[in-house]
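1. Sequence and predicted model, in that order:
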Amino acid sequence: MADALAASLLSMLPGLELGPTGRETGNRFSLDGLTLQPGAGGAMELGIRRLDAAALRLASGPFVLEVDRLALQQIAVQVQVDGGGPHLHGAQAASAELSGVEVQSPVLLPPPATAAGKPAASGPWTLGPLAAADGTIRAEIVDAHLLFDADVTVPIRQGRIDFGEASVAHVGPDSRMGVSRLGVYIDAPNGRSYLYQFSCMPMAGVEYERRGALLGPWVTDRGRLQLQAFAEALLRQPAKGLGMGITDQARQLFDRTALSGELQPGDGRFAAPGMQLDLAGRAEGRNAIRLHSEAVGRGISAEIASLSARDALLQAGGLQLSCDAITGALTLRAFVEGGQLRFAFTLANLKIAGLQLQPRPPR
């Protein structure tokens with residue numbers, strides 16, 4: 001009975017497929033405190049004191065969600081029944097606890113809108129937590145043809161990278177990093193090599209290098225990046241242009257580059273097309289990120305041991321899911337598989353308060 005009811009509810013979500021996480025075992029549901037009564041406007045309201053589920057697999061197109069365990073408390077579901085069958089009118093839950101959650105999907109950026117035949121911004125990207133981010137990124141480049149074996153250290157202070165403080169140490173005279181009007185570079189003993197070349201000028205969030213009097217050859221200031229403005233500008237470019245600035249030399253280096261680092265973002269709004277949330281709790285050390293990669297060209301992982309967010313909103317198709325608060329532990333991996341960039345979220349545990357699912361309001 002519980003299995004059939006849960007499957008019926010999920011079938012109201014368009015394009016969503018429900019199944020077990022493994023072929024050998026089925027998914028499991030249990031319900032406690034089930035009620036059914038008439039609601040407002042001819043709808044029926046289904047109440048559930050507690051819903052427990054295990055071994056769930058939800059899929060929608062290339063998007064796959066697997067959950068080892070899910071517990072929902074104080075659920076209210078509004079269903080409108082007409083000639084076409086039942087339709088989800090809205091749903092709320094006081095709280096949710098999840099464990100063993102994994103989400104996988106290819107990286108799909110929405111196609112840019114066009115105006116007068118010209119590409120426009122790809123979506124409302126907002127990276128407010130980067131404005132006050134602090135941390136250090138370290139990279140070890142092994143057997144690099146351009147730089148020899150090199151140890152790179154890039155400090156991040158109050159959301160800014162000052163290339164005058166970055167170091168590239170190796171055998172012989174050390175190299176220097178910087179940013180010019182052409183892009184982000186490394187000046188090695190054998191010349192300048194660009195890691196990322198800009199597709200347009202001026203580039204938001206960039207303070208370019210400065211040279212001596214009369215455009216002399218000596219660089220007196222290596223330049224700076226304001227992370228929030230720079231990252232938002234990159235993400236708002238047409239989707240096809242995001243990776244075009246990475247040079248062939250940089251791609252070769254990334255295959256031999258190990259990376260580690262720590263980043264403490266600030267509090268503030270994070271928004272991407274179809275979703276938004278506010279990070280909170282910097283003063284308590286929440287949302288600190290640990291970065292790791294054995295080879296950047298093959299993938300990178302980011303671990304958040306103490307995630308804390310509030311006022312989250314996710315919109316997909318004709319539905320939107322919102323919640324008051326989210327806490328838990330998160331690991332994000334971005335990796336290349338079959339020539340395609342993919343991402344995977346792993347959530348060891350997650351607690352959510354104040355969930356609401358409802359039809360997406362018209363624009």
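-> Now that the structure is in, tell me what you want to look at.

2. secondary structure class for Gln228?
-> With DSSP: H, G, I helix; E, B strand; the rest coil as the basis, Gln228 sits in helix.

3. Next, please give the residue ranges for the strands of the stretch 201-350 of the chain.
-> Along the stretch 201-350 of the chain, counting by DSSP state E, counting those that start in this stretch, strands occupy 206-207, 210-211, 219-221, 224-226, 257-264, 268-272, 275-279, 289-293, 299-316, 319-337, 340-359.

4. Quick one, which of the ones you listed gets closest to Asn190.
-> Nearest to Asn190 among the strands of the stretch 201-350 of the chain is strand 219-221 (16.5 Å), distances taken as CB to CB. C-beta: built from backbone N, CA, C; applies to glycine.

5. Please identify the buried residues of that closest one?
-> For strand 219-221, a neighbour-count test (16 or more other CB atoms under 10 Å) marks Val219 as buried.

6. repeat for stretch 152-169
-> 152, 154, 156, 159-163, 166, 168.

7. Compute the first-to-last residue distance for that stretch.
-> Start-to-end span of stretch 152-169 (CA to CA, to the nearest Å) is 6 Å.

8. List the contacts of Leu330.
-> Going by CB atoms under 8 Å, 6 or more residues apart in numbering, Leu330 touches 303-304, 307, 345-347, 350.

9. before we move on, the earlier item: need the strands of the stretch 201-350 of the chain in a markdown table (columns: distance to Leu235).
-> Formatted as a markdown table, those follow (distance: least, CB to CB, whole Å):
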| stretch | distance to Leu235 |
| --- | --- |
| strand 206-207 | 15 |
| strand 210-211 | 28 |
| strand 219-221 | 27 |
| strand 224-226 | 14 |
| strand 257-264 | 17 |
| strand 268-272 | 8 |
| strand 275-279 | 13 |
| strand 289-293 | 18 |
| strand 299-316 | 16 |
| strand 319-337 | 14 |
| strand 340-359 | 14 |
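
10. low pLDDT regions in the stretch 251-363 of the chain?
-> Along the stretch 251-363 of the chain, segments meeting pLDDT under 70 span 363.

11. one step back: so which of the buried residues of stretch 152-169 sit within strands?
-> If you go by DSSP state E, those have 152, 154, 156, 160-162, 168 in strands.

12. Now the two most distant members of those residues.
-> The largest separation in these, counting by CB to CB, is between Arg160 and Val168 at 18.7 Å.

13. Chain neighbours aside, what residue packs nearest to Val67?
-> Nearest residue to Val67, sequence neighbours excluded (CB to CB, 6 or more residues apart in numbering): Leu56, at 4.4 Å.
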